[in-house]
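J.: prediction below, plus the sequence it came from.
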Amino acid sequence: MTSINVRTKSLAKPIIIDGIARTGKFFLGKLLCGLENIEYFQYVSALEQIPYLNKLGAINEDAAISLLQIIIDEHAYNMSIGRNINLRYDDGSSVNNSLEAELYINRAQMPIDLNSFIDKSSMISNRLSPFITHETFPNIKIFLKAFQDLKIVLLKRHPIDVMHSWLKRGWGKRYNNEDVLAFIPLLKKNNIVYPWYISGMEKEYFKSTEIERIILSVTLLMDMEAETFKSLSKQQQEQVLIIHYDSLVENTENEIQRMEKYFQAKASTRMPMIMQNENCPIQLQSDKRIQKMNELSQNISQKYIDLILRKVVEYESVYPQTNQI
């Protein structure tokens, strides 16, 4: 019987920068990549889709692990030789935003020495390879099986901010309209189309208003993150660095120091310019959050107001304590 071969060695040593959509991962990625010996981050959507397709039984475990290993190695290799690099200026993942754009552009003009890559069990270079994903932490265990030394940075953000940002982006209605720019495989049951994290709640999701769908979605994802972290072994939990967006914005230097300690890497000489470009640190305005809550509270039932308040209490009870869900 033929089976999928799972690699025992890898070219790359990946970093997964994860969090719910609209938590500020690209902002975090720019700061993280200001550390020494870390490549600029890439966004590869298949890396977030494969884990939940595996969770749903659409892809078996060995196939999922093999695909993750191959995709990460391939993209890390491509980055190291300047192939398929993102040069679009207004993309957060564009190397033009890295302050090392010349490095990546020059790589594309250099000859490839395949002998330097073949039969190597170590990483491609001394630089780690970060990848940004969305809503992947609830399915992170397949990544931990694929990469023994995986580093994970999980970004958390205040639930009111996340829900309001989802509202502005239309994530309470885009799936139902079969938006072709929503690059995510959807589930379908009894003619109801919905994202993977709604599985089991599809009837409630279908009957809910746009804002209620957003509240339900974000609540479920935040609950899944917490449950997944608790289910990890102590060693696996130590592979996860939890960062709160509020602290990253307001106490930027403290969070950079935490990243330095976690990755055992110092901030590069680029870091002050990155902080200046990202306009941090800066004090967040609490009155804006009140306005957001007022918008979210329009035309929703008390049940969903209670859901928001529950997530607010849970978030504020641990923030700004470090490495807590």
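T.: Everything's here; your move.

J.: switch to C-alpha atoms for all contacts and neighbour counts from now on
T.: OK.

J.: and Leu216, what element?
T.: helix 210-231 (DSSP states H and E).

J.: in that helix, what counts as buried?
T.: Judged by neighbour count (16 or more other CA atoms under 10 Å), helix 210-231 contains these buried residues: 210-219, 221-222, 224-225, 228-229.

J.: quick one: Arg249 is in a helix?
T.: No, residue 249 isn't Arg; it's Val. Yes - counting by DSSP: H, G, I helix; E, B strand; the rest coil, Val249 falls inside a helix.

J.: can you tell me, leaving aside adjacent residues, what's nearest to it?
T.: With CA to CA, 6 or more residues apart in numbering as the measure, Pro281 is the residue that lies nearest to Val249, at 5.2 Å, once sequence neighbours are left out.

J.: next one: Ser247
T.: On the basis of CA to CA, 6+ apart, the spatially nearest residue to Ser247 that is not a chain neighbour turns out to be Pro320, at 6.6 Å.

J.: and that neighbour, backbone torsions?
T.: For Pro320, the backbone dihedrals (degrees, to the nearest 10) come out as phi -100, psi 30.

J.: and it, how far from Asp62?
T.: Separation of Pro320 from Asp62 (CA to CA, to the nearest Å): 38 Å.

J.: helix, strand or coil for the nearest residue to Ala21 once chain neighbours are set aside?
T.: In this structure, Ala21 finds its nearest non-sequential neighbour in His134, 5.6 Å apart by CA to CA, 6+ apart. Assigned by three-state DSSP, the conformation of His134 is coil.

J.: correct me if wrong: Ser94 contacts Leu87.
T.: Yes - with contact defined as CA atoms under 8 Å, Ser94 and Leu87 form a contacting pair (5.1 Å).

J.: of the two, who's got more company?
T.: When Ser94 and Leu87 are compared for neighbours, Ser94 comes out ahead with 18 against 15, by other CA atoms under 10 Å.

J.: wait, what's in contact with the residue nearest to Ser247?
T.: By CA atoms under 8 Å, 6 or more residues apart in numbering, Pro320 lies in contact with 244, 246-247.

J.: please tell me how far it sits from Gln264.
T.: Separation of Pro320 from Gln264 (CA to CA): 22 Å.

J.: any idea whether Asp287 is helix, strand or coil?
T.: Under three-state DSSP, Asp287 falls in the helix class.
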